[in-house]
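Enquirer: Provided below are the primary sequence and the corresponding predicted coordinates.
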Amino acid sequence: MANLAPALLDALAPSGAPAAPAGDEVEPTPDPGAPDTAARARVFLARHPVADGFNGLAWELRLRSGHELTPTRFDLDTGEGGVSTDIPRLRAGHVAAQFWSVAVPDVVVGDRAVSVALEQIEFVHALIRAYPEAFRLALTADDMIEARKRGRIASLLAAGGGQCIDSSLGALRSLFKLGVRRMALAEGRNTPWADAAADEPRAGGLTLFGEEVVREMNRIGMLIDLSGSSPATMRRAIAVSKAPVVFSHSAALAMSDHPANVPDDVLERMAAGGGVCKVTFESEYVCGEGAGVATVSDVADHLDHIRVVAGPDHVGLGGSYDTGGSPHPAGLEDASGYPKLIAELLERGWSEADLAKLTWQNTLRMMRDTEFTARSTQHRRAPSTVTIGRLDG
């Protein structure tokens, strides 16, 4: 999490437009009876809503509340000022499934990181309970479908930064039992067993214990999130994992030279294993650090590129709202903006079949594949009890 309130960190720290006709070409006359692209996008999303990969609202609300675990003090029902996500905007954006981040700031390590993660999990569960007409906890792909049938937003918990398990596989399993269905291996800073993109490499990707973390995540059915990992970590995790991996909020390195973006060879390896790269809307990822505010077209360029390199079965959306990061494009400033992005992709000629994969189907399939891997692995692999000291010395 970026740009956190200094006082709280101190408390937590361990001691484009279409081209004009050329020459004599005559621009076709629009069919007056045909819906415009914006209307088509809204109709499409009503049938194929968004499963968004990353949202930091829970931590943002904790910062605004002074660390108080009382979600009902906020007005998410009718519109909460100062944030980019609330229920009306999620509804307007046709978001039907949301991964809520229970990230731990990367300056928080050791057993304090586990405590903060537990507090954040408790807060997200309270948030879901506080708005039962809007949110429904989802632990499986079937839960996502059931929530959508009931008109609720399927709410999944996602841990950010492997420091939240304090190098303990028992802690990893405990987070899963509390509802966490995804964990990033390294974000912001290295963990003792995995290298982050923004830190000096120490593990050469993954240590032996890091590989065991990946195997245990496969066994219990927790999605492996590689957003924020170094390229070496990405490659090694994909090689070790028997289940699909996910990039919850990343972009294509070939389109923007941000250290946390995904190289093309990694996109290809990810796709071969059934994974999904969910494209963030944060400008520093989309356009590069210091390049200014991105546009909807810039985001669409990344989606186009990943669709070509990895294929339409391996691309998704990770809006990254309320993360304290860099600005979002005009038109995508908050969670209501997804119709604008879908309209842009329709203008670019994306088929509705590919768009349905982008918004919902790829995420659902990835969840099912991960659950299948867990069921098959549990028949032949007992819970791992090894320690980082035993494997890494």
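Expert: That came in fine, so what should we check first? The shown structure was predicted, so the numbers you read here are calculated from the model rather than taken from an experiment. Numbers count the residues shown, from 1 in each chain.
Enquirer: helices of the stretch 151-300 of the chain, residue ranges please.
Expert: Under the criterion DSSP state H, counting those that start in this stretch, helices of the stretch 151-300 of the chain are mapped to 169-177, 208-220, 231-240, 264-272, 283-287, 296-310.
Enquirer: how about the ones you listed, which one is nearest residue 114?
Expert: helix 169-177 (5.7 Å; C-beta to C-beta). Heads up, the C-betas are built off the backbone N, CA and C, glycines and all.
Enquirer: show me what the closest one is packed against.
Expert: When contacts are defined as 3 or more C-beta pairs under 8 Å, 6 or more residues apart in numbering; DSSP states H and E, helix 169-177 packs onto helix 110-130, helix 208-220.
Enquirer: who touches residue 100 in this structure?
Expert: 55, 57, 58, 124, 127, 155, 156, 157, 158 (C-beta atoms under 8 Å, 6 or more residues apart in numbering).
Enquirer: repeat for residue 331
Expert: Residue 331 neighbours (C-beta under 8 Å, 6+ apart): 295, 296, 337, 340, 341.
Enquirer: recalculate using a threshold of 10 Å.
Expert: Shown in contact with residue 331 (C-beta atoms under 10 Å, 6 or more residues apart in numbering): 281, 295, 296, 297, 299, 337, 339, 340, 341, 343, 344.
Enquirer: now these in a markdown table, with distance to residue 162?
Expert: Converted to a markdown table, the contacts of residue 331 look like this (distance: C-beta to C-beta, whole Å):
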| residue | distance to residue 162 |
| --- | --- |
| 281 | 24 |
| 295 | 34 |
| 296 | 33 |
| 297 | 35 |
| 299 | 28 |
| 337 | 31 |
| 339 | 35 |
| 340 | 34 |
| 341 | 30 |
| 343 | 38 |
| 344 | 35 |
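Enquirer: closest to residue 78 out of those residues?
Expert: The closest of the contacts of residue 331, once distances to residue 78 are taken by C-beta to C-beta, is residue 337, at 19.3 Å.
Enquirer: that closest one contacts residue 52, doesn't it?
Expert: No: Residue 337 lies out of contact with residue 52 (C-beta atoms under 10 Å); the separation is 11.2 Å.
Enquirer: of these two, which one has the most company?
Expert: Counted by other C-beta atoms under 10 Å, residue 337 and residue 52 do not tie: residue 52 has more neighbours, with 29 against 23.
Enquirer: in a helix, that one, correct?
Expert: No: counting by DSSP: H, G, I helix; E, B strand; the rest coil, residue 52 falls outside a helix, being strand.
Enquirer: quick one: it from residue 286, how far?
Expert: Relative to residue 286, residue 52 is positioned 16 Å away (C-beta to C-beta, to the nearest Å).
Enquirer: now residue 60
Expert: Distance from residue 60 to residue 286, by C-beta to C-beta: 21 Å.
Enquirer: before we move on, what about residue 307?
Expert: For residue 307 relative to residue 286 (C-beta to C-beta), the value is 16 Å.
Enquirer: so for these two, which residue has more residues nearby?
Expert: Neighbour count, other C-beta under 10 Å: between residue 307 and residue 286, residue 286 has more, with 28 against 19.
Enquirer: what sits against that one?
Expert: Taking C-beta under 10 Å, 6+ apart as the test, what residue 286 contacts is 251-252, 255-256, 258, 261, 279-280, 293-295, 298-302, 326, 328-329, 332.
Enquirer: pull out the buried members of those.
Expert: Buried members of the contacts of residue 286, scored by 16 or more other C-beta atoms under 10 Å, are 251-252, 255-256, 258, 261, 279-280, 294-295, 298-302, 326, 328-329, 332.
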